[in-house]
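Visitor: Generate a structure from the sequence data that follows.
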Amino acid sequence: MESYTGDGRPVVELLPDTAHVAVADGFSGGGFKYAPAVGEALGDLLVEGVTEASIRQFAPGRSATV
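Guide: Now for the predicted structure:
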């Protein structure tokens, strides 16, 4: 299944108020290219609660178009 966001960028984030649940969606069919980096960032988030990867641009609240 392909999914899209309003601004064309994926959503990558831990779900608020949940323990160890992450979201990575909206890669519009090209997510396989980003899978290693996104997987590492999500692994960091789920285990450590933080990541050194720059994922701010993929936060769900980045704009009203998501």
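Visitor: Three-state assignment for the most centrally placed residue in the chain, please.
Guide: Using Cα atoms, centre = their mean, the residue of the chain that lies closest to the mean C-alpha position is Val12, 1.0 Å off. Three-state call for Val12 (DSSP: H, G, I helix; E, B strand; the rest coil): strand.
Visitor: I figured it hits Gly43, correct?
Guide: No. Val12 is beyond contact range of Gly43, at 11.9 Å (criterion: Cβ atoms under 8 Å). Where C-beta positions appear, they are placed from N, C-alpha and C, glycine not excepted.
Visitor: What separation do you get for the residue nearest to the centre of the chain and Asp25?
Guide: Separation of Val12 from Asp25 (Cβ to Cβ, to the nearest Å): 8 Å.
Visitor: Thr5: neighbour count?
Guide: Other residues within reach of Thr5, judged by other Cβ atoms under 10 Å, total 18.
Visitor: Can you give me the separation between it and His20?
Guide: 24 Å.
Visitor: which residue ranges form the strands in this structure?
Guide: 11-14, 22-25 (DSSP state E).
Visitor: how about the CA coordinates for the first one, as CSV?
Guide: The reference is to strand 11-14. The C-alpha trace of strand 11-14 is given here as CSV (Å, rounded to 0.1, in the frame of the first residue of the first chain):
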residue,chain,number,x,y,z
VAL,A,11,6.0,10.9,9.1
VAL,A,12,8.5,9.4,11.6
GLU,A,13,7.9,9.7,15.3
LEU,A,14,7.1,8.0,18.5
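Visitor: Which residues belonging to it are considered buried?
Guide: Neighbour counts using 16 or more other Cβ atoms under 10 Å place 11-14 of strand 11-14 among the buried residues.
Visitor: what's the answer for the last one, then?
Guide: In terms of neighbour count (16+ other Cβ under 10 Å), strand 22-25 has its buried residues at Ala24.
Visitor: Go ahead and name everything in contact with that strand.
Guide: Strand 22-25 has contacts (Cβ atoms under 8 Å, 6 or more residues apart in numbering) with 3, 10-15, 31, 38, 42, 45-46, 60.
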